[in-house]
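Trainee: Structure for the following, please:
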Amino acid sequence: MANTVSLVLPATRLQAAGQAHLYVALSPSVLMLLVFFALPMGMMIGLSFSDPASGLPSLASYHRFFTDGLSLPGIMRTVSMSLCVAIAVTVLGYPVAYYLARARGRTRAIVFALALAPELAGVVLRTYGWLIILEDRGFINDALLHLGLISSPLPLSKNMFAVVVGLTHVVLPFGILSLMTSIQGIDPNLERAAQVLGANRASVMRHVVLPLSVPGIVSSLMISFTMAASAYATPALLGGAGFKVLATMIAEQVLFYVNWSFAAVMANVLFLMMLVVSYLGIRFEARRRIRLIGRGGHGS
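Mentor: The predicted structure is shown next:
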């Protein structure tokens with residue numbers, strides 16, 4: 001028994017020491033999250049429950065948010081814009097991500113560099129580039145007018161279309177990276193086996209690659225949605241003064257009306273919306289994994 005005790009005690013001490021080292025390694029990140037995320041979020045939540053004039057606890061800002069007739073349309077506009085961007089990024093990024101996941105050599109490196117090239121320029125610079133292309137006297141309208149295809153400029157800027165185009169350009173590299181990581185995890189031998197059994201390329205993509213890359217698709221949708229919903233510069237520049245989403249409305253309340261309480265309410269709603277979208281995406285993927293494990297267990 002003495003030998004048993006002497007063997008167990010060092011193992012326990014080693015385990016405790018390992019946990020202590022783990023806590024020490026995590027403490028800087030946890031401290032940073034507490035100071036720069038949890039604390040400001042707590043202050044913002046508390047600020048949203050205060051009266052703008054007196055500073056006393058009040059629900060006036062929340063009552064105004066749900067009754068002023070402008071905030072709820074702003075939510076719907078933010079959701080619709082973010083959904084369009086998420087779908088566009090995922091659809092446009094999937095072919096590029098598949099090529100990058102399967103290709104080799106110098107061509108892959110060139111395509112990869114071109115896919116990430118937009119991130120080398122700032123968001124404002126890219127947005128102004130699209131403004132020059134899409135405005136009434138921009139490149140597209142001038143070209144169409146010069147060719148005689150239209151008689152008046154097309155409404156390509158100061159609307160939802162322009163914002164979706166600009167944000168898709170901004171977010172696309174992140175969607176490509178998310179999809180590429182997921183596709184790289186799919187064994188290429190599965191595609192070859194399907195082709196050997198008689199499936200054409202379209203069938204292989206539909207029945208093999210797409211189902212197995214669902215985690216990457218969900219991740220791309222979530223990342224694109226949250227980045228688009230929180231974007232400010234692109235909607236403000238390409239959408240114009242009449243296109244109001246939550247991010248631009250928050251800035252307006254802070255910079256022009258100096259109503260921090262009402263701005264905090266909008267920020268809380270925006271943050272809650274992102275949490276809901278992230279939760280739904282995580283739950284969808286978790287349930288999908290459970291179904292796949294259940295089918296595997298049933299089949300075995």
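Trainee: tell me which strands and helices the biggest helix by length in the chain is in contact with?
Mentor: Longest among the helix segments of the chain by residue count, using DSSP state H, is helix 260-299. Using 3 or more CB pairs under 8 Å, 6 or more residues apart in numbering; DSSP states H and E as the contact definition, the elements that helix 260-299 packs against are helix 39-48, helix 60-67, helix 71-102, helix 214-229, helix 246-255. C-beta coordinates here come from the backbone N, C-alpha and C atoms, glycine included.
Trainee: quick one: which of those helices is nearest L145?
Mentor: Taking CB to CB as the measure, those were each checked against L145, and helix 71-102 came out nearest at 26.7 Å.
Trainee: could you point out which element follows the closest one?
Mentor: Scanning forward in sequence from helix 71-102 by DSSP states H and E, the next helix or strand is helix 106-116.
Trainee: just for the stretch 151-300 of the chain, where's the confidence low?
Mentor: In the predicted model, the stretch 151-300 of the chain carries pLDDT under 70 at residues 295-300.
Trainee: can you tell me how far the spatially closest residue to S278 that is not a sequence neighbour sits from P215?
Mentor: Nearest non-adjacent residue to S278, counting by CB to CB, 6 or more residues apart in numbering: M222, 5.9 Å away. According to CB to CB, to the nearest Å, M222 stands 11 Å off from P215.
Trainee: Looking only at neighbour counts, state which of those two leads.
Mentor: Taking M222 and P215 together and counting by other CB atoms under 10 Å, M222 has the greater number of neighbours (21 against 18).
Trainee: isn't that one right up against V277?
Mentor: Yes - using CB atoms under 8 Å, M222 is in contact with V277, at 6.3 Å.
Trainee: Which residue, other than its chain neighbours, is closest to P57?
Mentor: Residue nearest to P57 in three dimensions, not counting chain neighbours: F49, with 5.7 Å by CB to CB, 6+ apart.
Trainee: Next up, the contacts around that neighbour.
Mentor: 57-59, 61-62 (CB atoms under 8 Å, 6 or more residues apart in numbering).
Trainee: which of the residues you listed are buried?
Mentor: 58, 61-62 (16 or more other CB atoms under 10 Å).
Trainee: quick one, what contacts the spatially most central residue of the chain?
Mentor: With distances taken as CA atoms, centre = their mean, I223 lies nearest the centre of the chain, 2.1 Å away. When the contact criterion is CB under 8 Å, 6+ apart, the partners of I223 are 171, 174-175, 178.
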